[in-house]
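**Q** Need the 3D shape of this:
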Amino acid sequence: MNGRWYRISEVSEELGLSADTLRYYEKIGLLPQVARTASGIRRYSEKDLSRLRFIQRAQKMNFSLAEIGQLLEMREDPRHVRDEVRQLTARKLADIQSHLEELGRLRDELTLLLNLCRGTADGCPIIESMDGGDVPVRQ
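**A** Numbers count the residues shown, from 1 in each chain. Sure, this is the predicted structure:
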């Protein structure tokens, strides 16, 4: 790690995070208190940037900020928390699988409604379904 320090604007530009997001991460403890100059300007280290990249990757994997906080704690001693990381990841995978199944059902329902709407001259099956009517089942 070199001794270079980064200002909040540089970190923001480098990682595509807003200054407000960076401050928020520090406030909620995802990022330890960032070093500051005598005048109070934040100075981010390479270690801070590495941690922020970790947070970004975890968010792309759909982990919540609370879960990311847990992962960051586990990151400090990965050999001794392997089981906990595996369990957290397995739960996340199960959540994603459930969402994919829901999305598949939603896709099928919307496809059916769209096809019904194209094939009818009366009313609108899409609106009727959203009003609480049953979606007709294809025979």
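
**Q** same for the helix or strand bottoming out on mean pLDDT in the chain, what does it pack against?
**A** Across the helices and strands of the chain, the lowest-confidence element by mean pLDDT, DSSP states H and E is helix 125-130, at a mean of 76. Applying 3 or more C-beta pairs under 8 Å, 6 or more residues apart in numbering; DSSP states H and E, one finds that helix 125-130 makes contact with helix 82-118. In short, each C-beta sits where N, CA and C put it, glycine included.

**Q** buried stuff in the helix it packs on?
**A** Under the neighbour-count criterion of 16 or more other C-beta atoms under 10 Å, helix 82-118 has Leu88, Lys92, Leu112, Leu113, Leu116 buried.

**Q** tell me which residues in the least confident helix or strand of the chain are buried?
**A** Neighbour count says helix 125-130 has Pro125, Glu128, Ser129 buried, by 16+ other C-beta under 10 Å.

**Q** With distance to Ser39 as added columns, please give those residues in TSV.
**A** Putting the buried residues of helix 125-130 into TSV (distance: C-beta to C-beta, whole Å) gives the following:
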residue	distance to Ser39
Pro125	64
Glu128	64
Ser129	60
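
**Q** Relative to Arg42, which of the residues you listed is nearest.
**A** Nearest to Arg42 among the buried residues of helix 125-130: Ser129, at 51.6 Å, using C-beta to C-beta.

**Q** domains for the protein, by residue range?
**A** Following automatic domain parsing, the chain resolves into domains at 1-76, 89-139.

**Q** For the closest residue to Leu31 other than its chain neighbours, list the residues it contacts.
**A** Counting by C-beta to C-beta, 6 or more residues apart in numbering, Leu31 lies nearest to Tyr25, which is 4.3 Å off, once chain neighbours are set aside. Residues near Tyr25 by C-beta atoms under 8 Å, 6 or more residues apart in numbering: Leu31, Leu52, Ile55.
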